[in-house]
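Visitor: Below: sequence and its predicted model.
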Amino acid sequence: MMQNVLILSASAGAGHLRAAQALERAITEMGAAQSVHHIDTLEYTNPLFRRLYSQAYIEMVNRMPEVLGWLYDLQDDPAKDDRLQLAFDKLNTRPFVKLLEQYQPEVTVCTHFLPARIIAWLTEKGTLKTRQAIVVTDFDVHAQWLCSRYEHYFVALDETRAHMMELGFPADKVTVSGIPIDPVFAVPKDQRALRDKYGLRQDGAVILISAGGFGVGKIESLIKPLLRLRHRAHIIAICGRNKELKAQLDALAAGLAPDAQVVLKVVGYTTEMDEYMAASDLVVGKPGGLTTSEALARNLIFVVVSPIPGQEERNADHLLEEGAAIRCNNLPVLAYKIDRLLDDPSRLAAMRANVQRLAHPRAAHDIVAKLLTLKNPS
């Protein structure tokens with residue numbers, strides 16, 4: 001058993017937080033630590049820096065995604081000297097550094113690269129003694145995730161592990177675990193029962209559209225093309241905390257006849273995403289690391305639309321290469337592409353088999369089990 005474990009995330013998008021929460025729950029369920037705490041690193045930074053990391057990120061996703069992609073590629077250089085970036089981070093994370101020095105965690109688990117870099121710096125200068133595990137929350141590993149001081153890395157794909165080995169990371173220090181998601185996604189659930197529970201059609205396809213926990217992205221632009229589907233379908237639109245978006249879609253749903261070919265169910269912020277996914281056949285939207293991993297765990301084929309340049313583009317590439325997704329670059333033909341897929345049962349079955357092969361529904365538990373072996377080697 002581990003003693004005091006500190007799980008560190010950053011609220012720059014919802015995925016890093018959800019991964020940390022999944023690990024916290026897995027540690028608790030397994031009784032793997034005497035004490036475990038999850039902290040949002042940005043809560044221990046100055047207000048301007050916090051706003052830059054969280055609010056600015058969401059604004060750029062909605063207004064300037066191409067800038068995010070440019071920055072992602074610019075900074076993805078493993079050989080680049082990052083002393084200037086580290087100096088900037090140190091300047092703005094002094095309360096976080098103080099917290100670490102006071103808490104002195106035996107094990108730290110980072111689901112964002114910001115705390116990982118700070119911990120690596122503190123351990124290198126000897127002011128912090130901790131076993132640092134770094135959990136990469138996208139399919140690819142970006143240079144910003146790479147640290148010289150760490151105990152273990154957890155990554156999503158065999159290719160990502162191979163990439164890190166080519167960069168000089170020892171094979172026994174990198175585990176292909178998948179991205180940690182809430183352990184509830186590993187619990188089998190009956191699709192027909194869930195469709196009854198949420199008032200969804202039993203006949204036809206159920207298609208999930210998600211804007212994520214923060215309600216970012218313009219998912220209303222996906223609805224109108226989907227209303228032209230030839231196949232009977234029930235669309236679930238998850239709006240997160242975006243109340244304005246939910247109001248717009250509620251009005252649209254109210255104007256559809258109950259017996260229409262395609263109907264719409266609008267959902268605000270929900271803690272039942274695993275059940276909505278278990279009730280669905282397809283998921284349409286942006287392939288963020290956590291959303292993609294949850295969808296794979298629930299055996300959903302991904303229809304990739306408007307991925308954020310950078311990490312989501314790379315996630316999409318992996319899904320397409322593995323035959324677990326289709327991509328629509330032109331929204332007017334979204335219904336056409338989905339209809340073609342639904343017209344071909346053998347293609348659907350093959351893609352679902354590929355989804356099952358890629359899924360890691362127990363990633364959080366697997367990571368914790370590995371951490372225990374690192375702490376208590378046999």
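Guide: Thanks, I have the structure now.

Visitor: Residue 319 should be in a helix, yeah?
Guide: Yes. Assessed with DSSP: H, G, I helix; E, B strand; the rest coil, residue 319 lies in a helix.

Visitor: Now it: closest residue in space, sequence neighbours ignored.
Guide: residue 325 (3.7 Å; CB to CB, 6 or more residues apart in numbering). Heads up, the C-betas are built off the backbone N, CA and C, glycines and all.

Visitor: tally of neighbours for that neighbour?
Guide: By other CB atoms under 10 Å, the residues close to residue 325 number 27.

Visitor: right, and it touches residue 303 too?
Guide: Yes. The pair residue 325 and residue 303 qualifies as a contact (CB atoms under 8 Å) at a distance of 6.9 Å.

Visitor: on that earlier part again, got the contact list for the residue nearest to residue 319?
Guide: When contacts are counted by CB atoms under 8 Å, 6 or more residues apart in numbering, residue 325 touches 287, 301, 302, 303, 304, 316, 319, 351.

Visitor: switch to 7 Å and redo it
Guide: 301, 302, 303, 304, 316, 319 (CB atoms under 7 Å, 6 or more residues apart in numbering).

Visitor: which residues touch the last one?
Guide: Taking CB under 7 Å, 6+ apart, we find residue 319 in contact with 287, 292, 302, 304, 325.

Visitor: could you measure the nearest residue to residue 9 once chain neighbours are set aside against residue 8, distance?
Guide: Once flanking residues are discounted, residue 9 sits nearest to residue 20: 3.8 Å by CB to CB, 6+ apart. Plainly put, residue 20 is 7 Å away from residue 8 if you go by CB to CB, to the nearest Å.

Visitor: just so I have it, where are all the strands in the stretch 201-350 of the chain?
Guide: Ranges of strands in the stretch 201-350 of the chain, per DSSP state E, counting those that start in this stretch, are 205-210, 233-238, 262-267, 282-285, 301-305, 325-328.

Visitor: Separate out the buried members of the contacts of residue 319.
Guide: Listed as buried from the contacts of residue 319 are 287, 292, 302, 304, 325; burial here means 16 or more other CB atoms under 10 Å.

Visitor: between those residues, which is nearest residue 44?
Guide: residue 292 (29.2 Å; CB to CB).

Visitor: is it true that the closest one touches residue 317?
Guide: No. Judged on CB atoms under 7 Å, residue 292 makes no contact with residue 317 at a distance of 11.9 Å.

Visitor: Just the element for residue 91, please.
Guide: According to DSSP states H and E, residue 91 maps onto helix 83-92.

Visitor: list the buried ones in the next helix or strand after that helix?
Guide: Under the assignment DSSP H and E, the closest C-terminal helix or strand after helix 83-92 is helix 94-103. Buried residues in helix 94-103, defined by neighbour count with 16+ other CB under 10 Å: 96, 97, 99, 100.

Visitor: ok so, going back, as CSV, the strands of the stretch 201-350 of the chain with distance to residue 173 and mean pLDDT would be great.
Guide: Converted to CSV, the strands of the stretch 201-350 of the chain look like this (distance: least, CB to CB, whole Å; pLDDT from 0 to 100):
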stretch, distance to residue 173, mean pLDDT
strand 205-210, 34, 93
strand 233-238, 37, 95
strand 262-267, 41, 95
strand 282-285, 33, 95
strand 301-305, 30, 95
strand 325-328, 30, 96
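
Visitor: nearest to residue 154, of the ones you listed?
Guide: strand 301-305 (22.1 Å).

Visitor: for the protein, which spans come out with low pLDDT?
Guide: Low-confidence segments of the chain (pLDDT under 70): 56, 81, 84, 211-218, 375-378.

Visitor: So this structure: which segments form each domain?
Guide: Dividing the chain into domains by automatic domain parsing, as the record does, gives the ranges 2-181+361-375, 188-358.

Visitor: and residue 108, backbone torsions?
Guide: Phi and psi for residue 108, reported as degrees, to the nearest 10, are phi -120, psi 140.

Visitor: show me the contacts for it.
Guide: Here residue 108 is in contact with 6, 8, 119, 130, 132 (CB under 7 Å, 6+ apart).

Visitor: quick one: contacts for residue 252?
Guide: Shown in contact with residue 252 (CB under 7 Å, 6+ apart): 223, 264.

Visitor: what about it, distance to residue 297?
Guide: Residue 252 is 30 Å from residue 297, by CB to CB.

Visitor: what does the longest helix along the chain contact?
Guide: Counting by DSSP state H, the longest helix found in the chain is helix 15-30. Residues outside helix 15-30 that contact it (CB under 7 Å, 6+ apart): 5, 7, 9-11, 33, 36, 38, 40, 109, 111-112, 135, 137, 179-183, 288-290, 364-365, 367-368.
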